[in-house]
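Colleague: here is my input; please provide its structure:
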Amino acid sequence: MANGLQRWTISLALMAATVAATFLAITSYFPGESYRDRLSAAYQSLLDNTTRTEFTDIMREEPWLYVLPAVGIIFVFGWLLPQRLWARAFYTYLVFGIGFGGGHVFW
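Modeller: You can find the predicted model right below:
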């Protein structure tokens, strides 16, 4: 039991490190003194190059643009991923990431 818990914890930690490294790598290409400044510049670049409207306004007007794909992604990954520890760790971060993104998009 401890061996399984240990592997699950390691899988979860590796996934968290991968997510953090991805955010740091993406924001490193944008100007700014701090991580927050670089993240704001990355978000502004995303806005300028896609919708030219804040995503919060778009999602509040038409929430199904977020809800339908989010439910579809959660369902498909939950159905297809094997019942292994690494897959459960991935699925946990996937669902958390979708909820985290949704919280920021709708706020």
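Colleague: got the phi/psi numbers for the residue nearest to the spatial centre of the chain?
Modeller: Centroid-nearest residue in the chain: G97, 3.5 Å away (criterion: Cα atoms, centre = their mean). Dihedral angles of G97 (phi, psi; degrees, to the nearest 10) stand at phi -60, psi -40.
Colleague: nearest spatial neighbour of it, skipping sequence neighbours?
Modeller: Distances taken as Cβ to Cβ, 6 or more residues apart in numbering place V19 nearest to G97, at 7.1 Å, with adjacent residues excluded. Yep, even glycine has a C-beta here, placed from its N, CA and C like the rest.
Colleague: quick one: that neighbour from T9, how far?
Modeller: Distance of V19 to T9, given as Cβ to Cβ, to the nearest Å: 16 Å.
Colleague: try V105
Modeller: Applying Cβ to Cβ, the value for V105 to T9 is 30 Å.
Colleague: neighbour-wise, which of those two wins?
Modeller: Neighbours were counted for V105 and for T9 using other Cβ atoms under 10 Å; V105 has more, 17 against 12.
Colleague: so the nearest residue to the more buried one once chain neighbours are set aside: helix, strand or coil?
Modeller: By the measure of Cβ to Cβ, 6+ apart, the closest residue to V105 outside its immediate chain neighbours is M59, 4.9 Å from it. What DSSP: H, G, I helix; E, B strand; the rest coil gives for M59 is helix.
Colleague: point me to the helix or strand that includes E33.
Modeller: E33 is located outside every helix and strand, with elements delineated by DSSP states H and E.
Colleague: actually W79, sorry about that
Modeller: W79 belongs to helix 64-80 when assigned by DSSP H and E.
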